[in-house]
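# sequence plus the predicted model coming up.
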Amino acid sequence: MKRLVTAASVLTLATAALAGCGSSGSGNDRPTLGFSQVGAESGWRTANTRSIQESAKTAGINLKFADAQQKQENQIKAIRTFIQQHVDVIAFSPVVESGWDTVLKEAKDAKIPVLLTDRAVDSKDTSLYETFLGSDFVTEGHKAGQWVADQYKGSNETVNIAVLEGTTGSAPAIDRKKGFADIIGTDPKFKIVASQDGDFTRAKGKEVMQAYLASKQRIDVLFAHNDDMALGAIQAIEEAGLKPGKDIKILSIDGVHDALQAEVDGKENYVVECNPLLGPQLMDLVGKVKAGQPIEKRIVTEETTFTPEQAKAALPDRKY
Ligand code: AHR
């Protein structure tokens with residue numbers, strides 16, 4: 001009997017060892033995902049990170065998570081580390097659009113599939129990645145521009161618009177700017193009087209807005225490429241003795257709790273949603289890619305918009 005138990009134990013250990021061998025170095029047959037995150041620059045990003053970490057746990061995926069602190073070189077380093085570790089799949093949200101071909105080619109040569117989430121790259125060779133899962137940022141810019149156009153329909157007065165741009169070179173900054181200009185650019189009464197990089201952070205949004213206000217240029221509308229910059233700008237506007245949402249109309253993109261609350265408080269006028277809860281879809285894609293199943297090259301996230309009334313209705317159930 002003793003000999004039988006020992007033989008069974010050896011067999012179990014051998015099977016476990018074999019399962020570990022064919023995998024990613026995680027020591028078991030759970031797929032390993034190496035994920036390089038942009039950073040922790042905004043409420044949106046925090047929600048996105050949580051969604052990815054929680055859904056990896058739920059899906060039984062071994063997650064190796066690296067925070068790039070908004071630096072492309074950190075992301076490139078992280079991706080190279082994932083390649084050395086022979087992870088099963090690499091996913092990342094690129095800080096900026098350009099400069100990825102070399103490292104993506106290294107992943108391809110190592111036969112590790114790459115999934116883009118949230119932000120795109122501008123590589124001409126689309127075989128370097130399997131799919132891009134995330135928002136249509138140009139459409140978000142269109143929605144923002146359309147709201148401004150609707151506010152001033154029928155008026156011939158000049159409308160001075162200040163913009164807080166997202167990180168220079170990032171897909172959301174490029175695409176939202178383009179989408180907004182597509183709509184606003186059709187009517188000469190709309191004038192962009194200031195447009196600078198606020199790096200998607202509250203602190204930088206506040207700092208840039210302070211500079212706009214110090215220039216004494218009249219501003220009718222502030223369009224921030226994300227909520228955090230708008231929230232920083234609201235502080236600057238209040239500190240300058242003005243009323244955000246009234247003296248200056250404010251709109252931004254994301255839909256985090258604090259921005260919806262600012263709408264309810266009358267300090268912000270419109271929010272275009274950008275959905276950060278990409279984790280479950282990403283884990284589903286990891287499973288499919290690992291199993292060799294085909295996936296779509298572009299998967300667009302569904303999103304809405306919030307007037308103050310809609311923000312009030314959405315707030316009690318808002319997850320982030
Ligand atoms: O890429 C998505 C953008 O990045 C979000 O709008 C912003 O909040 C984040 O930093």
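Yep, it's here.

# can you list the residues of this protein near the ligand?
Residues of the chain found near the ligand (C-beta under 6 Å from any ligand atom) are 41-42, 44-45, 118-119, 172, 200, 226, 228, 253-254, 274. Any C-beta I mention is one placed from the backbone N, CA and C, and that applies to glycine too.

# in helices, which of these appear?
Judged by DSSP state H, helices contain the following of the residues of the chain next to the ligand: 44-45, 172, 228.

# how about the strands of the stretch 151-300 of the chain, start to end?
For the stretch 151-300 of the chain, applying DSSP state E, counting those that start in this stretch gives strands covering 159-165, 190-197, 221-224, 249-254, 270-273, 298-300.

# could you dump these into a markdown table and include mean neighbour count?
Formatted as a markdown table, those follow (neighbours: other C-beta atoms under 10 Å):
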| stretch | mean neighbour count |
| --- | --- |
| strand 159-165 | 22 |
| strand 190-197 | 17 |
| strand 221-224 | 28 |
| strand 249-254 | 28 |
| strand 270-273 | 26 |
| strand 298-300 | 14 |
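
# so can I have CSV of those strands showing distance to I183 and mean pLDDT?
Converted to CSV, those look like this (distance: least, C-beta to C-beta, whole Å; pLDDT from 0 to 100):
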stretch, distance to I183, mean pLDDT
strand 159-165, 11, 98
strand 190-197, 9, 98
strand 221-224, 11, 99
strand 249-254, 12, 98
strand 270-273, 12, 99
strand 298-300, 19, 98
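
# may I see these arranged in a markdown table, with distance to G241 as well?
Listed next are these as a markdown table, based on distance: least, C-beta to C-beta, whole Å:
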| stretch | distance to G241 |
| --- | --- |
| strand 159-165 | 17 |
| strand 190-197 | 19 |
| strand 221-224 | 16 |
| strand 249-254 | 16 |
| strand 270-273 | 24 |
| strand 298-300 | 42 |
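
# circling back to that earlier point, among the ones in helices among the residues of the chain next to the ligand, which one sits closest to the ligand?
Among those, W44 lies closest to the ligand (C-beta to the nearest ligand atom), at 3.4 Å.

# I'd like the distance between that closest one and L222.
18 Å (C-beta to C-beta, to the nearest Å).

# with N48 instead?
24 Å.

# again with D67
30 Å.

# got it, and A47?
Going from A47 to L222 by C-beta to C-beta gives 23 Å.

# and the residue nearest the centre of the chain, what does it touch?
Central residue of the chain (C-alpha atoms, centre = their mean): D118, 4.5 Å from the mean position. Counting by C-beta atoms under 8 Å, 6 or more residues apart in numbering, D118 makes contact with 38, 48, 93, 133-135, 276, 278.

# 7 Å instead, please
48, 93, 134, 278 (C-beta atoms under 7 Å, 6 or more residues apart in numbering).

# same thing with G39?
Going by C-beta under 7 Å, 6+ apart, G39 touches 45, 67-70.

# what's the average pLDDT for stretch 66-78?
What stretch 66-78 shows for mean pLDDT is 98.

# which residues are in contact with it?
By C-beta under 7 Å, 6+ apart, the surrounding residues in contact with stretch 66-78 are 36-41, 92, 94-96, 99, 103, 167.

# alpha carbons only: can I get it in PDB?
Listed next in PDB are the C-alpha coordinates belonging to stretch 66-78 (Å, rounded to 0.1, in the frame of the first residue of the first chain):
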ATOM      1  CA  ALA A  66       4.500  46.900 -14.400                       C
ATOM      2  CA  ASP A  67       3.800  50.600 -13.900                       C
ATOM      3  CA  ALA A  68       5.700  52.800 -16.500                       C
ATOM      4  CA  GLN A  69       5.200  56.100 -14.600                       C
ATOM      5  CA  GLN A  70       4.300  57.700 -17.900                       C
ATOM      6  CA  LYS A  71       7.600  57.000 -19.500                       C
ATOM      7  CA  GLN A  72       8.000  55.100 -22.800                       C
ATOM      8  CA  GLU A  73      11.500  53.800 -21.900                       C
ATOM      9  CA  ASN A  74      10.000  52.100 -18.800                       C
ATOM     10  CA  GLN A  75       7.400  50.400 -21.000                       C
ATOM     11  CA  ILE A  76      10.000  49.200 -23.500                       C
ATOM     12  CA  LYS A  77      12.100  47.800 -20.600                       C
ATOM     13  CA  ALA A  78       9.000  46.100 -19.100                       C
END
